[in-house]
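*Asks:* Structure for the following, please:
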Amino acid sequence: MIKECLFIIIICTGFNVFGQESQKDSLQPLLYNRLVTSEKQISIRVGGGFQRKVYTEIGLALHKCTYGDVGFFSNDFYSALEWFPNKGKNLYGVKIGYEANANWINLGLEVKYQTDFKEKDVVIIPKIGLGLFGDVNVFYGYTISTNNNPFSDTIGHHQLSIVFNFNRHFLKYQ
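*Replies:* Numbers count the residues shown, from 1 in each chain. I've put the predicted structure just below:
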């Protein structure tokens, strides 16, 4: 009788041990379920920078963010108005662009029409920079003129800029 009870206890313990979740099984849902993507949202874009002169910009961005275990990714399409204040000769610009942010690294491409209402130029600016969750970005850009750089006293080839995207996420947690 004791042998039979001992045999049943050993068999039941074995089934119980093999039926338990292993650590790998318990971690599986955590590894694949921690991904949050925001809806595309319109955010206000405000920025400024320096080429040969200081400039400011304001516009709108269609912004989307993804947060997960592997890091952060955001991207946005934007359009903005730009203004270079200058003594007697202000320069205005209208631009569109795309930026992508993966963790801390940003890449962007911008096309801008600029004018002082006497001359005009279209420039292309590839950009690289550092960012904080797609909301605050610092960029270095290289300006490529399509019209022999008519604003060389204001616009140089090198551009440093900082941009803020004020979206619902930024306004809610800041």
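*Asks:* And the helix or strand where residue 111 lies, what does it pack against?
*Replies:* According to DSSP states H and E, residue 111 maps onto strand 105-115. Judged by 3 or more Cβ pairs under 8 Å, 6 or more residues apart in numbering; DSSP states H and E, strand 105-115 is in contact with strand 91-102, strand 120-132, strand 136-142. For glycine as for every other residue, the C-beta is placed from the backbone atoms N, C-alpha and C.
*Asks:* Would you mark the buried spots in that strand?
*Replies:* 106, 108, 110, 112, 114 (16 or more other Cβ atoms under 10 Å).
*Asks:* Give me the residues contacting that strand.
*Replies:* Contacts with strand 105-115, where a contact means Cβ atoms under 8 Å, 6 or more residues apart in numbering, come from 82, 91-100, 120-131, 137, 139, 141, 151, 155.
*Asks:* In its sheet, which strands sit next to it, and in what direction?
*Replies:* strand 91-102 (antiparallel), strand 120-132 (antiparallel) (DSSP bridges).
*Asks:* hang on, the earlier thing: can you say which of the contacts of strand 105-115 are buried?
*Replies:* Of the contacts of strand 105-115, these count as buried by 16+ other Cβ under 10 Å: 82, 91, 93, 95, 97, 99, 121, 123, 125, 127, 129, 131, 137, 139, 141, 151, 155.
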